[in-house]
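Visitor: Using only what follows, build the 3D model:
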Amino acid sequence: MPAPVQDLPGVSVVEHGGRRYAHIIRASATVPVSTFFSAPEESFQFGLLAHEAGFVEEPHTHPEIERRIGDLQQVVVIQRGRVEFIFHADDGRTLSSVVLGPGDAIVLMRGAHSVRVIEDMQCVSVKQGPFLGPERDKVPLGGRP
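Guide: As a prediction, this is how the structure comes out:
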């Protein structure tokens, strides 16, 4: 069961109309033990790993298991700079935005979003693959010309 996000400083969600757009973990967030914030059924499992010095995880593998994933989520970890993530309704209206800085992370789960770079930035970006190309994996809200 994921931790209640509202109880953890530095961890938040972006929701509009019952749709969960994103999870955000600020660089300042801390947890005493490893904690995942996403629901078990989400296609990305997003959380913080925390262990005391001396912890050793036993060697292990993650076996191949056929899974059906119908969405494309993206994790972005800001390394430097500041970036505004803007969330949109299906008709393009702006719903909200959040500015992230170094060490902050976001998982973009569903719904429309855009990005505005405030300061020169670099980030780690992780998306599920395989990449099917921009024609199928990145659709503009107004449609293609």
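Visitor: What ranges does the chain have for its strands?
Guide: With strands called from DSSP state E, the chain shows them at 11-16, 19-25, 35-36, 47-48, 74-88, 94-100, 105-108, 112-127.
Visitor: Tell me which of the ones you listed sits most buried.
Guide: Of all those, strand 105-108 has the most neighbours on average by mean count of other Cβ atoms under 10 Å, namely a mean of 22. C-beta: built from backbone N, CA, C; applies to glycine.
Visitor: in its sheet, what does that one sit against?
Guide: strand 19-25 (antiparallel), strand 74-88 (antiparallel) (DSSP bridges).
Visitor: could you dump the strands of the chain to JSON lines with distance to residue 143 and mean pLDDT?
Guide: JSON lines is the format used below for the strands of the chain (distance: least, Cβ to Cβ, whole Å; pLDDT from 0 to 100):
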{"stretch": "strand 11-16", "distance to residue 143": "22", "mean pLDDT": "93"}
{"stretch": "strand 19-25", "distance to residue 143": "20", "mean pLDDT": "94"}
{"stretch": "strand 35-36", "distance to residue 143": "36", "mean pLDDT": "92"}
{"stretch": "strand 47-48", "distance to residue 143": "36", "mean pLDDT": "93"}
{"stretch": "strand 74-88", "distance to residue 143": "14", "mean pLDDT": "97"}
{"stretch": "strand 94-100", "distance to residue 143": "19", "mean pLDDT": "97"}
{"stretch": "strand 105-108", "distance to residue 143": "20", "mean pLDDT": "97"}
{"stretch": "strand 112-127", "distance to residue 143": "12", "mean pLDDT": "97"}
